[in-house]
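Q: Have a look at this fold, sequence not included:
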């Protein structure tokens with residue numbers, strides 16, 4: 001049946017529409033009525049429950065990803081990881097990244113099992129850490145969930161990523 005692959009997507013979109021953003025309200029960049037499957041796959045939502053469901057659906061796996069996990073590159077505190085970038089981030093070659101640019105970092109243990117994720121998404125024009133949404137969960141504990149200007153722990157992400165060579169992004173996957 002041709003519609004079978006759309007059933008899980010429809011369920012995921014209904015879940016995203018029913019859940020709020022990180023402050024209990026619907027986030028404006030999250031899936032909205034009429035949002036197509038490609039947009040949902042390229043745009044991580046806001047809020048821990050929404051991000052976790054989006055990751056579980058495997059949307060980022062179609063992005064540009066590093067071929068294999070590797071040890072952290074300085075100054076990363078993330079340990080072993082593998083990074084994937086969406087089309088907006090991967091295709092941007094100069095200046096600030098466009099709104100919607102995003103990355104997912106798989107956090108790995110020494111045996112390369114995934115133990116968490118770090119996600120960031122550009123939400124506003126400019127080159128300030130508050131223009132990005134930051135999310136990290138490691139070993140079941142949410143470490144960050146909000147914009148860079150919303151205070152700790154999200155400012156931890158901004159403090160580190162402020163040293164990136166371009167607009168808070170360290171790695172563009174090949």
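A: Structure's in. What do you need? No experiment lies behind these values; they were computed from the predicted model shown. Residues are numbered from 1 along each chain as shown.

Q: Buried residues in the longest strand seen in the chain, which are they?
A: Ranked by number of residues, the top strand in the chain under DSSP state E is strand 114-122. Neighbour-count burial for strand 114-122 flags 115, 116, 117, 118, 119, 120, 121, 122 (criterion: 16 or more other CB atoms under 10 Å). (Each C-beta comes from the backbone N, C-alpha and C, glycine too.)

Q: Tell me the one among these nearest to residue 88.
A: Residue 88 lies nearest to residue 122 out of these, by CB to CB, at 7.8 Å.

Q: circling back: mind giving me the packing neighbours of the longest strand of the chain?
A: With contacts defined as 3 or more CB pairs under 8 Å, 6 or more residues apart in numbering; DSSP states H and E, the packing partners of strand 114-122 are helix 48-56, strand 102-108, strand 132-138, helix 154-161.

Q: As a markdown table, the ones you listed with mean neighbour count, mean pLDDT and distance to residue 172 would be great.
A: Below are those laid out as a markdown table (neighbours: other CB atoms under 10 Å; pLDDT from 0 to 100; distance: least, CB to CB, whole Å):
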| stretch | mean neighbour count | mean pLDDT | distance to residue 172 |
| --- | --- | --- | --- |
| helix 48-56 | 19 | 96 | 20 |
| strand 102-108 | 23 | 98 | 9 |
| strand 132-138 | 23 | 95 | 15 |
| helix 154-161 | 19 | 85 | 14 |
